[in-house]
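J.: Model the structure of this input:
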Amino acid sequence: MLLSFCCAKAESAVAEDVFDLSLEQLLNAEVVSVSKTKQTVEQSPAAVYVITAEDITRSGVTSIPDALRMAPGVDVAQQDNGTWDINIRGFNTGLANQLLVMVDGRTIYNPLFAGTYWELQNLPLEDIDRIEVIRGPGGTLWGANAMNGVINIITKKAQDTQGKLIRAAAGNSLQDSVLGQQGAKTADDAYYRVYAQHENDGPLHDPEGGEAFGSLRDSRTGFRYDHGDNLTVSGDAYVNTTDQLVSVPQFTAPWASVLNDEHDSQGANLLAHWKKNYDDGAQFSIQSYVDHTYRNQVVLSDEEDILDFDMQYNARQIGPHEIITGGGYRLTHSVAGNTSTLSIDPAVDNRSLFNSFVQDKIALVPDRWFLTLGSKVEHNEFTGFEIEPNARLQWFPDSQQTLWTAVSRAVSTPNPLESDLDSNAKVFAPNSLPAPFHVNAPIEYNLVANRDFESEQLVAYEAGYRNKLTPTVSVDIAAFDNFYTRVAGQQSAGPGTAGFGVVLSPVIYGQLKTELANLMSGQTYGAEMATDWNVNSNWKLSAGVTWLEMSLQPGIGDIGPQYSAGQSPNYQANLRSYWNINKDWSFDTSAYYVDRLVAYNDPAYIRVDANLGWKIEPGIQLNLVGQNLMQADHMEYGNTTDLNAAEIPRSYYAKITCKF
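T.: This next block holds a predicted model:
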């Protein structure tokens, strides 16, 4: 019935084919995340990679995390339907807080742990214009927690999504997904779009070969309004339920209860961006957004309300100087629903964040040598003032080549989970621990708050090289050497030997207390390469290779490191082929290699995806997609004994898209 409806309505539809992008167009694609002003990939003095709308469409991915696998240097690992571990250049954990993620410049990380709930970022992929991935520190412009990189998801202008769109997909893992969207013009140079989307994802596989616990249900709606190039207003609202298991400690055998835990989440956001261009070339812009999220779990509920305001001034060029300056304020109101297992103190809190930045791009030799100097200053309520400077030098030997180098300082500031959390994490059975904890009583293990926890620090050295080898072949290489200090580890806390004491009421039990402290240091170094080859007008190849080495040193008194070098793969690679068989048929394939995770004894794996597309008639597209075709199942992160351990299965789905 859906197909018949689309066929009847698609007579006036214009087929959209973004495949025919020249190499020159790709390198001249504008990005804003590197310098907070428009510049091309070729001009950017940073390790930047752009995942285009074409890449997303042709790859057949069904989520933003899956799309991020295409960017070299990005470590993407799926634990289960509700958990993704994503970071850049190492330190990949579910609570990673060194990566800043934005949608149209709106920060989407959760203030509770300064990381991202990826299962809640289920935007319609059809509305994404590009994903800008900056590998390396972005703190000079974007502030704390842009320590290892920046991911900015840029949505399409409303003018580019006019008409009606209906998309439906169904398969074995992606059980069903439906999108309806309408775009229209309201006045001269004023456009809008509205959408509604619903998705059901089935459970993955457990390591024993059965069905893992857990599924995902997500419903959302949203809009975008653009008036010319000066005003944008957008917003989204969603409800999401993700099923997992949770272990709740207890003082009687078996010492923990395993409960079904539906993570019920809901949220809404509203963003407004306004800019004014002046005759002398200067530009002034203001952006503000409000964001509400609520997440209810068995062990803790969390409600966050954010009010954010930023302004930026791009001064007119003065001689060789291009100066950008700006500042902002963010107010976060948090309410924690504490339980006996996890508690945040204070449970109700208001936190303010002030920031300002300045950057000067200096043309040392016009069209050849450029020096960029800048710094951001922030004041937060955990550690006070933080300064994040950087210097970048860029050289254009000719019109085909670019070389750049940079040195930066970045920080990751504390969050409530690091400084305000008390956790009754586990109860050990009597006589199960070695001396001096070998006692004939259960032992409760606690992670307690440490109000003195400080910012983790990074000094990063980077260099890069780009070259248009031929009119159809380009290469982009980046190398880095990062030095980390004051990285989180665990130390003993509280009275008694090694943080151990005995509690006599209401039952006799031992109590082992630890706290997070800035104990570790480390170094990461490596290189990334990306290349594109437009073989001919109907065939394009893209490839990426990543090499990463990590060395972490526990500090004195460190009894439980937060990170391990073995949590991130040493090598990753991908190869993607986009092939237009003829004007109606396309066949696209993607292959990914991910090295083993030593920390969990997870073996290396190869993932192969294939997408067969058929343009039934103008405005109607049918896709048949297979994912993870090489292996029936594979682990991507964690131990097989973890409570929610899951293997990623071979999957397939069919999708029909109608535009009219």
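J.: Please enumerate the strands of the stretch 451-600 of the chain.
T.: Counting by DSSP state E, counting those that start in this stretch, one finds strands in the stretch 451-600 of the chain at the ranges 456-470, 473-492, 500-503, 509-536, 539-553, 571-580, 585-594.
J.: Run me through the strand neighbours of the third one, direction for each.
T.: Each strand paired with strand 500-503, and its direction, by DSSP bridges: strand 509-536 (antiparallel).
J.: For Leu307, which of the strands of the stretch 451-600 of the chain is the nearest?
T.: If you check each of those against Leu307 by C-beta to C-beta, strand 456-470 wins as the nearest, at 26.4 Å. Every residue, glycine included, has its C-beta placed from N, CA and C.
J.: and that closest one, how far out from the chain's middle?
T.: The offset between the C-alpha centroid of strand 456-470 and the centroid of the whole chain comes to 20 Å, using C-alpha atoms, centre = their mean, to the nearest Å.
J.: circling back: okay, the strands of the stretch 451-600 of the chain in TSV with mean pLDDT, mean neighbour count and distance to Asp261 next?
T.: Written out in TSV, the entries for the strands of the stretch 451-600 of the chain read as follows (pLDDT from 0 to 100; neighbours: other C-beta atoms under 10 Å; distance: least, C-beta to C-beta, whole Å):
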stretch	mean pLDDT	mean neighbour count	distance to Asp261
strand 456-470	95	19	30
strand 473-492	94	20	25
strand 500-503	73	14	27
strand 509-536	92	19	24
strand 539-553	95	19	31
strand 571-580	97	19	32
strand 585-594	97	19	28
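J.: Same list as before, these that is, but in JSON lines and with distance to Asn350 included.
T.: Formatted as JSON lines, the strands of the stretch 451-600 of the chain follow (distance: least, C-beta to C-beta, whole Å):
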{"stretch": "strand 456-470", "distance to Asn350": "24"}
{"stretch": "strand 473-492", "distance to Asn350": "25"}
{"stretch": "strand 500-503", "distance to Asn350": "34"}
{"stretch": "strand 509-536", "distance to Asn350": "23"}
{"stretch": "strand 539-553", "distance to Asn350": "35"}
{"stretch": "strand 571-580", "distance to Asn350": "41"}
{"stretch": "strand 585-594", "distance to Asn350": "42"}
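J.: Out of those, flag the one nearest Glu208.
T.: Distances from Glu208 to each of the strands of the stretch 451-600 of the chain were compared using C-beta to C-beta; the shortest belongs to strand 585-594, at 22.6 Å.
J.: helices or strands up against that closest one?
T.: If contacts are counted by 3 or more C-beta pairs under 8 Å, 6 or more residues apart in numbering; DSSP states H and E, strand 585-594 sits against helix 53-59, strand 571-580, strand 605-617.
J.: Walk me through which strands it pairs with, and which way each runs.
T.: strand 571-580 (antiparallel), strand 605-617 (antiparallel).
J.: residue ranges of the helices in the protein, please?
T.: Assigned by DSSP state H, the chain shows helices spanning 2-9, 23-27, 53-59, 64-68, 139-142, 416-419.
J.: Could I have the CA atoms of the fourth one written out in CSV?
T.: In CSV, the C-alpha atoms belonging to helix 64-68 read as follows (Å, rounded to 0.1, in the frame of the first residue of the first chain):
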residue,chain,number,x,y,z
ILE,A,64,25.0,8.1,13.6
PRO,A,65,27.4,5.8,15.6
ASP,A,66,27.6,3.4,12.6
ALA,A,67,28.3,6.4,10.3
LEU,A,68,31.2,7.5,12.5
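J.: Need the helices and strands packed on strand 585-594 in TSV (columns: distance to Val233).
T.: Listed next are the helices and strands packed on strand 585-594 as TSV, based on distance: least, C-beta to C-beta, whole Å:
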stretch	distance to Val233
helix 53-59	22
strand 571-580	35
strand 605-617	34
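J.: quick one, which of the strands paired with strand 585-594 is nearest to Glu42?
T.: With distances scored as C-beta to C-beta, the stretch of those nearest to Glu42 is strand 571-580 (20.9 Å).
J.: residues making contact with the closest one?
T.: Strand 571-580 has contacts (C-beta atoms under 8 Å, 6 or more residues apart in numbering) with 19, 54-55, 58-59, 69-70, 72, 75, 538-548, 586-595.
J.: now the strands paired with strand 585-594 as JSON lines including distance to Val101?
T.: Output for those, formatted as JSON lines (distance: least, C-beta to C-beta, whole Å):
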{"stretch": "strand 571-580", "distance to Val101": "20"}
{"stretch": "strand 605-617", "distance to Val101": "23"}
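J.: For Ser234, name its beta-bridge partners.
T.: Counting by DSSP bridges, the residues bridging with Ser234 are Arg224, Leu271.
J.: burial count for it?
T.: 22 (other C-beta atoms under 10 Å).
J.: There's contact between it and Arg193 in this structure, I believe.
T.: No: applying C-beta atoms under 8 Å as the test, Ser234 and Arg193 come out as separate, 9.4 Å apart.
J.: okay, and the common contacts of those two?
T.: Jointly contacting Ser234 and Arg193 under the rule C-beta under 8 Å, 6+ apart are Phe223, Arg224.
J.: quick one, which of the strands of the stretch 451-600 of the chain is nearest to Leu629?
T.: Distance to Leu629, taken as C-beta to C-beta, is lowest for strand 585-594 among these, at 9.2 Å.
J.: between that closest one and strand 539-553, how many degrees?
T.: With axes from the mean of the first three to the mean of the last three C-alpha atoms, to 10 degrees as the criterion, the two stretches strand 585-594 and strand 539-553 enclose an angle of 20 degrees.
J.: neighbouring contacts of strand 585-594?
T.: Among residues not part of strand 585-594, those counted as contacts by C-beta under 8 Å, 6+ apart are 19, 58-60, 69-70, 77, 569, 571-581, 604-615, 636.
J.: which one is Gln567 nearest to, not counting chain neighbours?
T.: Once its chain neighbours are removed from consideration, Gln567 has its nearest residue in Ala599; the separation is 4.8 Å (C-beta to C-beta, 6 or more residues apart in numbering).
J.: Then Leu100?
T.: Ala146 (3.8 Å).
J.: That neighbour: neighbour count?
T.: What Ala146 shows, counting by other C-beta under 10 Å, is a neighbour count of 28.
J.: Which residue, other than its chain neighbours, is closest to Ile64?
T.: Gln121 (5.4 Å).
J.: What is the neighbour count of that neighbour?
T.: If you count neighbours by other C-beta under 10 Å, Gln121 ends up with 16.
J.: can you check Gly557 too?
T.: 12.
J.: Name the residues linked to the closest residue to it other than its chain neighbours by a beta bridge.
T.: The shortest distance from Gly557 to any non-neighbouring residue, by C-beta to C-beta, 6+ apart, is to Gln491 (4.5 Å). Per DSSP bridges, residues listed as beta-bridge partners of Gln491: Glu515.
J.: contacting residues around Gln491?
T.: Counted by C-beta under 8 Å, 6+ apart, Gln491 has contacts Thr514, Glu515, Ala517, Leu519, Gly557, Asp558, Ile559.
J.: Enumerate every residue touching the most centrally placed residue in the chain.
T.: The chain has Val101 as the residue nearest its centroid, 5.0 Å off, counting by C-alpha atoms, centre = their mean. Contacts of Val101 were listed using C-beta under 8 Å, 6+ apart, and they are Thr107, Ile108, Tyr109, Thr116, Gln121, Val150, Ile151, Asn152, Ile153.
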